[in-house]
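Engineer: mind folding the following:
(one chain, ligands or ions: 1)
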Amino acid sequence: MEERPVDEFDYGRAVYEPLTQSVRQLIDATIRTEVGEDTVAKVQALVDEGARLLSERLVPESFGVQYTRDGRGMPWGNAIIGLRNPIAPPLVIERNRDGSVWCDVELGAAYEGPPGCLHGGISALILDQLLGATAHRPAQPAFTGTLTVRYQRPTRLGRVHGEARVVRHDGVKTYAVGHLENGEGIMVVAEGVFVRPAGRA
Ligand SMILES: CCCCCCCCCCCCCC(=O)SCCNC(=O)CCNC(=O)[C@H](O)C(C)(C)COP(=O)(O)OP(=O)(O)OC[C@H]1O[C@@H](n2cnc3c(N)ncnc32)[C@H](O)[C@@H]1OP(=O)(O)O
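Structural biologist: Here you go, the predicted model:
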């Protein structure tokens, strides 16, 4: 894998993060707008022009995870943490000294399932990433083998706190647990088995 220059991280962040944030606002406004059809048509033309300009140069496929020479990973296309992915809230995962992880994230109209509530697939996506992050060891990627999610109560859209921790290791398998909570309590709990496949370090 080609290593990227050290300053590419900060440069990429400075250039693309504001664009991504603007597109996130666009997604939210697209869902909730009540403007008339003339304005919608005008915005559509602007968006099409933006997509045309950005498409003048594209990486051939998906973004993948690029690394700078000083070892900083850039998983910027990732569906849930991707700094360049407007679909991602994005989740910013913090790590405690004991290896457990947590996040606080604001989830709005783009993540709705039942009216006013978080889509269950989005809850599972967040928990998959959180549990995967606590199970993760540098240079030894662990894939989600099994993820079990129990939805205890509907989670209202808005601010959500998540936590995850490893409960045990068994050879190539790491077992992790986690949950999502908000001001109303614990809403979703998950447990997962993360497997380090032989020969895929
Ligand atoms: C900055 C850089 C980025 C940083 C990011 C960090 C965070 C990353 C967070 C990422 C988060 C997002 C993550 C994602 O989204 S990962 C994407 C979703 N997951 C996948 O696509 C995985 C697809 N499956 C596979 O690749 C393989 O089947 C795996 C890797 C699962 C097994 O592969 P392998 O063929 O090598 O396994 P084995 O047959 O030798 O068995 C070995 C042991 O494992 C046990 N086993 C097998 N399968 C399962 C199973 N399904 N559940 C439970 N256990 C299972 C098996 O019984 C045996 O145990 P034992 O009998 O020995 O006791």
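Engineer: quick check: Leu127 vs the ligand, distance?
Structural biologist: As judged by C-beta to the nearest ligand atom, to the nearest Å, Leu127 and the ligand stand 10 Å apart. Any C-beta I mention is one placed from the backbone N, CA and C, and that applies to glycine too.
Engineer: for Arg95, that is, sorry about that
Structural biologist: Taking C-beta to the nearest ligand atom, one finds Arg95 at 10 Å from the ligand.
Engineer: how far does the longest helix seen in the chain sit from its chain's centre?
Structural biologist: The longest helix of the chain (DSSP state H) is helix 8-32. A distance of 14 Å separates the centroid of the chain from that of helix 8-32, by C-alpha atoms, centre = their mean, to the nearest Å.
Engineer: what's the answer for stretch 25-33, then?
Structural biologist: With C-alpha atoms, centre = their mean, you get 19 Å for stretch 25-33.
Engineer: Ala190 contacts His179, correct?
Structural biologist: Yes. With contacts counted by C-beta atoms under 8 Å, Ala190 reaches His179, the gap being 7.0 Å.
Engineer: okay, and the common contacts of those two?
Structural biologist: By C-beta atoms under 8 Å, 6 or more residues apart in numbering, Ala190 and His179 have these common neighbours: 127, 164.
Engineer: that older thread, tell me what the longest helix of the chain is packed against?
Structural biologist: Secondary-structure packing of helix 8-32 (3 or more C-beta pairs under 8 Å, 6 or more residues apart in numbering; DSSP states H and E): strand 73-74.
Engineer: do that again at 10 Å, thanks
Structural biologist: Counting contacts by 3 or more C-beta pairs under 10 Å, 6 or more residues apart in numbering; DSSP states H and E, helix 8-32 is packed against helix 37-54, strand 66-67, strand 73-74.
Engineer: is the last one in proximity to the ligand?
Structural biologist: Yes. Strand 73-74 lies within reach of the ligand by C-beta under 6 Å from any ligand atom, at Gly73.
Engineer: before we move on, the earlier item: can you redo the helices and strands packed on helix 8-32 as JSON lines with mean neighbour count and mean pLDDT?
Structural biologist: Below are the helices and strands packed on helix 8-32 laid out as JSON lines (neighbours: other C-beta atoms under 10 Å; pLDDT from 0 to 100):
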{"stretch": "helix 37-54", "mean neighbour count": "10", "mean pLDDT": "98"}
{"stretch": "strand 66-67", "mean neighbour count": "18", "mean pLDDT": "87"}
{"stretch": "strand 73-74", "mean neighbour count": "16", "mean pLDDT": "90"}
